[in-house]
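>>> Generate a structure from the sequence data that follows.
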Amino acid sequence: TTHWGRAHAYANRAAQAGFIGICTTNAIPTMAIGGAKKTVIGNNPLAIGIPGANSAEPIVLDMAMSQAAVGKVGTWLREGKTLPGNWGLDANGNPTNDAKAILGGAVLPMGEHKGAGLAVMFELLTAALAGAAFTQQIRTNDSSGLDPQASKIFIARNPAAFIEPVEFQQHTAAFIAYLKEDAAPFSYPGERGWETRDKQLATGVELHNEIVQQLNNVDIYF
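The predicted model follows:
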């Protein structure tokens with residue numbers, strides 16, 4: 001397949017249907033790991049969706065294996081923000097907090113060896129399992145960033161095979177309530193996304209001028 005947009009969309013579909021959804025992908029190299037001073041592996045995002053008390057708004061974790069997703073670095077560049085110093089390297093392999101330099105260099109893994117290890121394992125759960133292109137092979141075949149020949153894995157677990165669905169829902173809701181009380185202020189994974197969706201449905205979606213210009217330059221064929 002090609003670039004899948006965001007992992008959230010797929011884990012969420014499973015969770016809204018009452019399943020536990022887990023998915024990940026491999027991608028062109030965007031992240032430096034180990035002692036590398038350049039991109040050697042994709043930041044291989046992971047999403048996990050869990051049915052919540054509200055079936056329309058499940059608990060969904062969606063995260064890249066880098067300190068910040070490449071798209072987030074691009075967003076901060078458009079907004080003129082200075083990045084934390086541990087987000088990436090420039091083209092010469094030097095640590096930098098310059099978003100433009102990172103986009104021309106490499107993002108760094110979250111938790112150092114932890115994010116790197118997870119990215120490697122997700123590469124093996126996708127490309128190796130499918131007998132398909134690994135991250136460096138995807139880039140060799142196409143450097144467009146669309147990730148042609150990337151591989152995904154989608155897993156859907158039925159809670160009813162382990163526990164009564166209503167009991168699972170109640171159990172989940174009780175734990176979230178505990179976190180809301182003892183770890184306040186706390187937002188469960190995906191909660192801010194649902195709040196943003198509600199706001200944007202009511203007031204509209206704000207777009208940066210640069211994004212508007214890009215959309216206006218897209219050729220549309222019917």
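
>>> what about the longest helix in the chain?
In the chain, taking DSSP state H as the definition, the longest helix is helix 165-182.

>>> quick check: mean pLDDT across that one?
The average pLDDT within helix 165-182 is 94.

>>> again with stretch 76-85
Here the average pLDDT along stretch 76-85 is 91.

>>> Could you pull out the buried residues of it?
Trp76, Leu77, Leu83 (16 or more other C-beta atoms under 10 Å). The way it works is simple: take the backbone N, C-alpha and C, and place the C-beta from them, glycine included.

>>> From the rest of the structure, what touches stretch 128-143?
For stretch 128-143, contacts defined as C-beta atoms under 8 Å, 6 or more residues apart in numbering pick out 26-29, 40-42, 123, 126-127, 147-151, 153.

>>> returning to that earlier point: and the longest helix of the chain, what does it pack onto?
If you count contacts as 3 or more C-beta pairs under 8 Å, 6 or more residues apart in numbering; DSSP states H and E, helix 165-182 packs onto no helix or strand.

>>> any idea how far it is from the chain center?
Helix 165-182 sits 25 Å away from the centroid of its parent chain (C-alpha atoms, centre = their mean, to the nearest Å).

>>> Need the residues that contact the next helix or strand after that helix.
With elements assigned by DSSP states H and E, the helix or strand that comes after helix 165-182 is helix 191-203. Helix 191-203 is contacted by residues His8, Glu57, Ile59, Val60, Glu206 when judged by C-beta under 8 Å, 6+ apart.

>>> Out of those, flag the one nearest to Ile163.
Of all the contacts of helix 191-203, Ile59 has the smallest distance to Ile163: 16.1 Å, by C-beta to C-beta.

>>> Leaving aside the residues adjacent along the chain, what's closest to that closest one?
The shortest distance from Ile59 to any non-neighbouring residue, by C-beta to C-beta, 6 or more residues apart in numbering, is to Ile50 (4.4 Å).

>>> What is the burial count for that neighbour?
A total of 24 residues lie near Ile50 under the criterion other C-beta atoms under 10 Å.

>>> what comes up buried for the strand or helix carrying Arg139?
Applying DSSP H and E as the criterion places Arg139 in helix 135-141. Buried residues in helix 135-141, counted by 16+ other C-beta under 10 Å: Thr135, Ile138, Arg139.

>>> Kindly provide the distance from the first one to Ala150.
Distance, Thr135 to Ala150, by C-beta to C-beta, to the nearest Å: 9 Å.

>>> list residues touching both of those two?
Counting by C-beta under 8 Å, 6+ apart, the residues touching both Thr135 and Ala150 are Asn26, Ala27, Ile28.

>>> can you list the residues that contact the helix or strand of the chain with the lowest mean pLDDT?
Ranked by mean pLDDT, DSSP states H and E, the weakest helix or strand in the chain is helix 209-216, scoring a mean of 92. With contact meaning C-beta under 8 Å, 6+ apart, helix 209-216 is reached by Arg78, Leu207.
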